[in-house]
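> My questions concern the predicted model and sequence given below.
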Amino acid sequence: MSRKSRSILLQTSVLLVMSFLLSGCANWKGLMPEKYDGKTVQRDETSIEAYSKAKEIVGESKDLYILEPFSESLLNPSLPLEESDFFKIEAGEYVVGEDFPAGRYQFRYMNEQLEPHLMNNATLRVTDEKDQLMTEELLTPYKIGYVETDLYEGNKVSLSGEGFSVEMGASKDSASPLVEQPLEVGEVLLTNGVWEVGKQLEAGTYVFTELPPVGYLYLFDNTLDPRVFELRGQMELNEETGEFVPVKTHLELLLENGQKMYLKDLNQPLKFTAKGTSE
């Protein structure tokens with residue numbers, strides 16, 4: 001077969017294929033459904049929309065973020081933060097009301113210069129009498145901030161790990177060293193722990209323009225089935241300074257009096273800015 005004949009045959013084949021495709025356009029139903037391991041995967045549009053809009057986890061995926069039952073104590077009114085001296089706490093289990101009085105406390109890594117063998121991680125876990133979860137957090141010298149939570153009579157506090165240096169106490173000035181610039185009116189800085197709307201921050205709509213690299217917000221509204229938000233920010237390279245900086249975002253969250261918030265796994269404090277004051 002000559003080169004010219006092969007060319008004519010190829011052109012004819014292409015035209016036939018195109019005609020076949022075009023003739024089917026009227027009946028085309030879109031792309032084939034997504035599949036995994038040979039099985040059709042249905043897209044959960046509701047979950048996708050909720051996450052895109054406010055980074056909220058809904059639907060079946062939410063079960064992956066609640067691995068055990070929460071304690072009813074989380075719905076109790078928050079206790080006042082009363083100044084108390086910080087003291088070093090060792091690994092072990094403690095009972096509130098026996099080893100120290102009920103109250104609102106802060107747990108933090110000690111600020112003093114430490115030997116490397118005393119800078120290991122520790123796991124803080126607070127439960128009720130039924131061993132149901134109130135707070136759980138990894139304490140490490142590499143996180144910025146502290147854990148603040150209520151300890152009610154009968155609660156159990158456990159601290160596990162080896163070679164760590166953790167202290168507990170209470171100070172209304174604990175957040176001051178965490179603030180790079182003075183907070184403006186309507187701004188509140190919160191760290192890991194449990195917080196009550198109307199006490200530690202006022203009710204209202206809050207805006208988040210920067211999110212930490214990782215963290216979660218559980219919002220309890222008189223129920224032990226909280227709303228769950230994944231606070232996962234992104235970083236970008238500033239070409240002028242050569243430093244990585246947070247990508248600006250805009251998320252809004254309405255908070256009402258009496259709601260409780262459980263902030264978990266933040267590696268830096270989270271700034272709440274009342275809507276209207278950030279504009």
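Arrived safely, thanks for sending. Numbers count the residues shown, from 1 in each chain.
> residue ranges with poor pLDDT in this structure?
For the chain, the stretches with pLDDT under 70 are 1-54, 111-118, 246, 277-279.
> Helices of that one, residue ranges please.
Using DSSP state H, the helices of the chain run over 3-23, 45-54.
> ok now do the residue most central in space within the chain, which residues does it touch?
Residue closest to the average C-alpha location in the chain (Cα atoms, centre = their mean): residue 216, at 1.4 Å. Contact partners of residue 216, counting by Cβ atoms under 8 Å, 6 or more residues apart in numbering, are 65, 228-231, 263-265. C-betas here are computed from N, CA, C, even on glycine.
> please redo it, this time with the cut-off set to 6 Å
The neighbours of residue 216, taking Cβ atoms under 6 Å, 6 or more residues apart in numbering as the test, are 230, 264-265.
> Which of those residues has the largest number of neighbours?
With neighbours defined as other Cβ atoms under 10 Å, the most crowded of the contacts of residue 216 is residue 264; it has 19 neighbours.
> what does stretch 175-182 contact?
Under the contact criterion Cβ under 6 Å, 6+ apart, stretch 175-182 has outside partners 145, 189, 269.
> Tabulate the residues you listed (a markdown table), appending neighbour count and distance to residue 167.
Shown next, in a markdown table, are the contacts of stretch 175-182 (neighbours: other Cβ atoms under 10 Å; distance: Cβ to Cβ, whole Å):
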| residue | neighbour count | distance to residue 167 |
| --- | --- | --- |
| 145 | 23 | 14 |
| 189 | 16 | 21 |
| 269 | 21 | 19 |
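> Which members of these occur in strands, if any?
Using DSSP state E to define strands, the subset of the contacts of stretch 175-182 located there is residue 189.
> and which of the contacts of stretch 175-182 is nearest to residue 174?
The nearest member of the contacts of stretch 175-182 to residue 174, counting by Cβ to Cβ, is residue 145 at 8.7 Å.
> Next one: the closest one relative to residue 156, how far apart?
23 Å (Cβ to Cβ, to the nearest Å).
> cool, and residue 183?
Counting by Cβ to Cβ - residue 183 and residue 156 are separated by 35 Å.
> related to what we said a few turns ago, so what sits opposite the residue nearest to the centre of the chain in the bridge?
As for beta bridges, residue 216 partners with residue 230, residue 264 under DSSP bridges.
> now it: how far from residue 229?
Spatial separation of residue 216 from residue 229 under the definition Cβ to Cβ is 7 Å.
> ditto for residue 60
Counting by Cβ to Cβ, the gap from residue 60 to residue 229 is 17 Å.
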